[in-house]
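Undergrad: pasted the sequence and its predicted model underneath.
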Amino acid sequence: MPSTTGPVANAEHLSACTVPHSESLLQELKSRIDADRVPRHVAIIMDGNGRWAKQHGEHRLVGHANGVRSVREALTAAREIGISYLTLYAFSTENWNRPTEEVNALMDLLVKTVVDEIDELHENGVRLHAIGDLASLPESCRQTLQQGIARTAGNTRITLTLALSYSARWEIVNMVKAAAQQAQAGTLDPERIDENTVSGLLSTHGMPDPELLIRTSGEQRISNFLLWQIAYAELWFTPDFWPDFRKSHLFQAVLDYQQRERRFGRISEQVAPPTP
């Protein structure tokens, strides 16, 4: 079972420190969203937990614990406006290089969060999914995660994907290995490899590519996340740290996305709606 002592267990008192977002503001933002142009798939790089904790004079782990509320906010907002896929960068392969205490606490937090949230996720039609080098996770994490995935497998309202021990380069290397093995076995003709072949061998196979990528904390980089899949994604950055992320942030990101012209190499006249 996850640890119930230390900074993570004492994090709840900081929830009131976040800036409130009025219900009237949320409804105003939500009312402006065009339901017919909501992105099907939104991906989020959840950044800034440690800096948020430092800003509040707390241990880094307190920032991670408070970030769980932001996951709830993002998921609820996504469900409300009809987003079908929400993918969260929860733990990168590079994060294994962090201090052992922090890594262990993050693994404990993952287990605790899945255990605490799985009933509500299931009741709300959320399908839990995970991508990454899951074999590298501690056994308790893998078992809890697989139980949650199996419990929600039949849900169809929204797919929540956690990228755990994930990196895009790791994913692409694995894709190349799989293609090479299939070619060697004679089940894949190298001359017939195309974009669909590559997409089908990635960990996100079966999901549409993200149309919108959000990153918190003011950093403006991709950090080895879904490099193939976000080739045509719109990018949206906020200076707010992840523990301060609320429904209004996601609504604002979607509104900004809907103001952009997505040309995919064409010119404006080709993508503009026809004149009545």
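TA: Sure thing, it's come through.
Undergrad: can we go C-alpha only for contacts and neighbour counts from here?
TA: Noted.
Undergrad: my read: residue 145 touches residue 113, true?
TA: No - using Cα atoms under 8 Å as the test, residue 145 is too far from residue 113 to be in contact (10.1 Å).
Undergrad: who's more crowded, those two?
TA: Each of residue 145 and residue 113 has its neighbours counted (other Cα atoms under 10 Å); residue 145 has more, 22 against 15.
Undergrad: quick check: that one vs residue 108, distance?
TA: 12 Å (Cα to Cα, to the nearest Å).
Undergrad: do residue 118 as well
TA: Taking Cα to Cα, one finds residue 118 at 15 Å from residue 108.
Undergrad: where in the stretch 151-276 of the chain is pLDDT low?
TA: Applying pLDDT under 70 to the stretch 151-276 of the chain flags residues 263-276.
Undergrad: where exactly do the helices run in this protein?
TA: Along the chain, counting by DSSP state H, helices occupy 23-32, 49-55, 60-81, 100-123, 139-151, 168-185, 195-200, 247-259, 268-271.
Undergrad: and residue 114, how far is that from residue 168?
TA: Going from residue 114 to residue 168 by Cα to Cα gives 24 Å.
Undergrad: now for residue 253, how many residues are close by?
TA: 19.
Undergrad: and residue 171, by the same measure?
TA: 23.
Undergrad: same thing with residue 156?
TA: Neighbours around residue 156, by other Cα under 10 Å: 12.
Undergrad: what's the answer for residue 46, then?
TA: Using other Cα under 10 Å, the number of residues around residue 46 comes to 22.
Undergrad: check what pLDDT it gets.
TA: On the pLDDT scale, residue 46 is placed at 97.
Undergrad: relative to residue 90, how far out is it?
TA: 7 Å.
Undergrad: could you do residue 119 as well?
TA: Relative to residue 90, and taking Cα to Cα, residue 119 is found at 20 Å.
Undergrad: looking at those two, which is more packed in?
TA: residue 90 (19 against 14).
Undergrad: list the contacts of that one.
TA: Shown in contact with residue 90 (Cα atoms under 8 Å, 6 or more residues apart in numbering): 45-46, 162-164.
Undergrad: so what's the residue count around the closest residue in space to residue 81 that isn't next to it in sequence?
TA: With sequence-adjacent residues excluded and distances taken as Cα to Cα, 6 or more residues apart in numbering, residue 81 is closest to residue 35, at 6.8 Å. Residues near residue 35, counting by other Cα under 10 Å, number 12.
Undergrad: surely residue 35 meets residue 82?
TA: Yes - counting by Cα under 8 Å, residue 35 does reach residue 82; the two are 7.5 Å apart.
Undergrad: what's around residue 102, how many residues?
TA: Neighbours around residue 102, by other Cα under 10 Å: 17.
Undergrad: and the pLDDT for it?
TA: If you check residue 102, the pLDDT there is 93.
Undergrad: quick one: residue 54 from residue 185, how far?
TA: 53 Å.
Undergrad: for residue 58, same thing?
TA: Applying Cα to Cα to residue 58 and residue 185 gives a distance of 55 Å.
Undergrad: these two: which is more packed in?
TA: Neighbour totals were compared for residue 58 and residue 185, and residue 58 leads with 16 against 10 (other Cα under 10 Å).
Undergrad: in the sheet, who's paired with the residue nearest the centre of the chain?
TA: The structure's the chain has its C-alpha centroid closest to residue 88; by Cα atoms, centre = their mean the separation is 1.3 Å. According to DSSP bridges, the residues that bridge with residue 88 are residue 44, residue 162.
Undergrad: show me the contacts for it.
TA: By Cα under 8 Å, 6+ apart, the contact list for residue 88 reads 43-46, 160-163.
Undergrad: name the nearest of those relative to residue 220.
TA: Among the contacts of residue 88, residue 45 lies closest to residue 220 (Cα to Cα), at 10.4 Å.
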